[in-house]
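Trainee: sequence plus the predicted model coming up.
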There are 2 protein chains.
Amino acid sequence: MERSTRQSAAIRAALAAAARPLSPAEVLDAARAEVAALGMATVYRTLKALVDEGAIQIVSLPGEPPRYESSAHGHHHHFRCDACGKVFDVPGCPGDLGDLAPPGFVVDRHEITLYGRCSGCVAPRS
Amino acid sequence: MERSTRQSAAIRAALAAAARPLSPAEVLDAARAEVAALGMATVYRTLKALVDEGAIQIVSLPGEPPRYESSAHGHHHHFRCDACGKVFDVPGCPGDLGDLAPPGFVVDRHEITLYGRCSGCVAPRS
DNA sequence: ATAGATGCAAAGAGTTTGCATAGGT
DNA sequence: ACCTATGCAAACTCTTTGCATCTAT
């Protein structure tokens, strides 16, 4: 059975509140605001449980630690700034991409990551 | 200076020959066909050097080890089979996705990963 | 009261680094 | 001959697991 503990509530809250995917370390930091004695192991265990039940998703980018985000944020994609390294949520979606796949392949879902420079880094940091 | 050694040649060859991204362990295996005494450290060092010089790219998918592939394969995307876990190259590309990003963001490049079932796993493995 | 969740610390897996040696130039 | 890349093994980092304790039910 699932038990509702302050720890897992804090972790869920941290992810739900974030507007961008969080790394395990960031989740730990954020959740410690509510539960000071929170341990890393609990973060990992809870994240794994949340992934299994589909409440959150893993976002993984080359050369970076995995990040987690709430599935409740809906279908969206990500943008990584090559200058500052931050990862942002991108609202749009080009739609069904099933026809890209080779014949015989069935596409259930897709992930798009854009790379470039975010508004902050594009601007002539005046 | 760059020195041409059998080891790095074997690693480059393994990546160039592969029709799909390889994990470090797979690269090691493949390259050992040519250089039996090849060490893991050399694989990592060479992969890093190749990434730095832009010859290969990292492909990273959630919950899986990083994979590397030759940049020479041209622009394409990836398909991961949820059934067998293999990652395939996908030739097509929907084109420029710059308009997906929020205003002020500059998109240089994009990555698309499709998820579903590959032809082998879709077919009633008759 | 019971059983699952937690926290600490140790164990694992994957990756990186130090240093003596082999091998390319 | 010189000097870089290699190979081995130790060091690191990130993640998972064991176990006694705590706590929600």
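Mentor: Received it, and whenever you're ready, just let me know what you need.
Trainee: report pLDDT for A:Gly63.
Mentor: A:Gly63 carries a pLDDT value of 81.
Trainee: number of nearby residues for it?
Mentor: 9 (other Cβ atoms under 10 Å in any protein chain shown). Any C-beta I mention is one placed from the backbone N, CA and C, and that applies to glycine too.
Trainee: before we move on, which element is it in?
Mentor: A:Gly63 belongs to no helix or strand when assigned by DSSP states H and E.
Trainee: parallel or antiparallel, which strands does the lengthiest strand in chain A pair with?
Mentor: Ranked by number of residues, the top strand in chain A under DSSP state E is strand A:106-117. Strand pairing for strand A:106-117, using DSSP bridges, gives strand A:77-81 (parallel), strand B:106-117 (antiparallel).
Trainee: my read is A:Ile58 is in a helix, agree?
Mentor: No - judged by DSSP: H, G, I helix; E, B strand; the rest coil, A:Ile58 forms no part of a helix; its state is strand.
Trainee: could you find the closest non-adjacent residue to it?
Mentor: Distance criterion Cβ to Cβ, 6 or more residues apart in numbering or on different chains; nearest residue to A:Ile58, sequence neighbours excluded, is B:Pro62 at 3.8 Å.
Trainee: can you pull the phi/psi pair for that neighbour?
Mentor: Backbone dihedrals for B:Pro62, given as degrees, to the nearest 10, come out at phi -50, psi 130.
Trainee: what number of residues lie near it?
Mentor: Neighbour count of B:Pro62, defined by other Cβ under 10 Å: 17.
Trainee: and the strands paired with strand A:106-117, which is most packed in?
Mentor: Neighbour counts (mean count of other Cβ atoms under 10 Å in any protein chain shown) averaged over each of the strands paired with strand A:106-117 peak at strand A:77-81, with a mean of 22.
Trainee: would you turn the strands paired with strand A:106-117 into a markdown table with mean pLDDT?
Mentor: Output for these, formatted as a markdown table (pLDDT from 0 to 100):
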| stretch | mean pLDDT |
| --- | --- |
| strand A:77-81 | 90 |
| strand B:106-117 | 91 |
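Trainee: what about chain A, any weak spots by pLDDT?
Mentor: A:1, A:124-126 (pLDDT under 70).
Trainee: residues from it in reach of DNA strand C?
Mentor: Contact residues, chain A versus DNA strand C (Cβ under 7 Å from any atom of the strand): A:1-3, A:5, A:7-8, A:35, A:37-42, A:45-46.
Trainee: and the contacts of stretch A:17-33?
Mentor: A:7, A:10-11, A:13-15, A:38, A:40, A:43-44, A:47, A:59, A:64-70, A:78, A:86-89 (Cβ atoms under 8 Å, 6 or more residues apart in numbering or on different chains).
Trainee: switch the cut-off to 7 Å
Mentor: For stretch A:17-33, the external contacting residues (Cβ atoms under 7 Å, 6 or more residues apart in numbering or on different chains) are A:10-11, A:14-15, A:38, A:40, A:43-44, A:47, A:59, A:65-69, A:87-89.
Trainee: buried ones among those?
Mentor: Neighbour-count burial (16 or more other Cβ atoms under 10 Å in any protein chain shown) applied to the contacts of stretch A:17-33 gives A:10-11, A:14-15, A:38, A:43, A:47, A:59, A:66-69, A:87-89.
Trainee: that concludes my questions; thank you for your assistance.
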